[in-house]
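Asks: dropping a prediction and its sequence here:
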Amino acid sequence: MTIDLFRYEGKRAVVIGGATGMGAETARMAGELGADVIVLDVAPVEYDCAQKIEIDLRNQASVDAAVDAIDGPVHAVFACAGVADGTAGIMLINFTAQRHFIDRLIAQDKLAPGGSVAFISSTAGLGWKNNIDRVRDFLSNDDWASAAAWTEENPDTDSYGFSKEAINLYVVQQAFPMLKAGYRINAICPGPTVTPLAEANADMWLTYAADFRADAGVDTLQPEQMASTLIFLCSAAASGVNGEMLQVDQGHTNASLHDAYDAPIVKMIAGEIEWDFAALGFE
């Protein structure tokens, strides 16, 4: 039946950063759809799942041990870990460690043929094409040590925005080689979503696009809306989808980029116009 394309019976799903927020909702949905769910997080996982693994994404040995603790095959990897600016080791957590985990999983033949990877990126990474040379230079450091060293040498890139730009270009770069190997990789780019992380940074994160939502008469996005999209991307229903960064932002980005809605900040983030803080109400 067609509905079976969306289900996960007989599959094992790994959720990196699944203790709370979008990751927790993704793990819950995958379980409800029949998956055996393995959740990795440094924080306690306070719900039932097939396996819980404590992981410190700033420590390579911890990431390696987490991969070793998983019995293959894994059919879906949801890379949901993310922290905000001001957190030590943000590039390690938001990107480098999750890439390393996926690489190790593949190297150990634990990602099943036909398996899928889905990252959580962000609309904050819209500017990746205009920063492509620098992001590409970072990604050329394809092992943990060299990537970490590059970030230390370029401390301004140890940031939330750059981590999301890295995810976006990584998905584009890896789509073809992963497809040749029998896998798929995609990402979602959420708009403001009510999660514990967003609420902790509410003045910046949850005020973004508030005028758009008010004018459209829609509520702020919820974690389950991101989870359901991630679940789709790693399901058989999305078997032809690969190398995509799917915006899940109620249309805010595209409306703003193409003048259906007046939001200059979107064009600034995307690098289409110069930053003008006075125009945004900042002195």
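Replies: In hand now; what should we look at?
Asks: which residues in the protein form strands?
Replies: Assigned strands in the chain, in chain order: 12-16, 36-41, 51-54, 74-79, 111-120, 184-190, 245-248 (criterion: DSSP state E).
Asks: most tightly surrounded among the ones you listed?
Replies: Among the strands of the chain, strand 12-16 has the highest mean neighbour count (mean count of other Cβ atoms under 10 Å), at a mean of 28. Placement of C-beta: from N, CA and C, glycine included.
Asks: just give me the residue closest to the centre of the chain.
Replies: The residue lying closest to the centre of the chain (Cα atoms, centre = their mean) is Ile120, at 1.5 Å.
Asks: tell me how far that residue lies from Asn94.
Replies: Ile120 is 9 Å from Asn94, where distance means Cβ to Cβ, to the nearest Å.
Asks: what do the two both touch?
Replies: Gly82, Ile167 (Cβ atoms under 8 Å, 6 or more residues apart in numbering).
Asks: okay, now the unreliable bits of the protein?
Replies: Along the chain, segments meeting pLDDT under 70 span 1, 279, 281-283.
Asks: quick one: Pro190 and Ser122 touch, right?
Replies: Yes - assessed by Cβ atoms under 8 Å, Pro190 is found in contact with Ser122 at 6.1 Å.
Asks: identify the contacts common to those two.
Replies: Where contact means Cβ under 8 Å, 6+ apart, no residue is in contact with each of Pro190 and Ser122.
Asks: touching the top helix by length along the chain from outside, list them.
Replies: When the chain is parsed with DSSP state H, its longest helix is helix 160-180. Under the criterion Cβ under 8 Å, 6+ apart, residues 82-85, 90-91, 94-95, 99, 117, 119-122, 124-125, 127-128, 131-132, 135-136, 138-139, 156, 184-187, 189, 242-245 lie in contact with helix 160-180.
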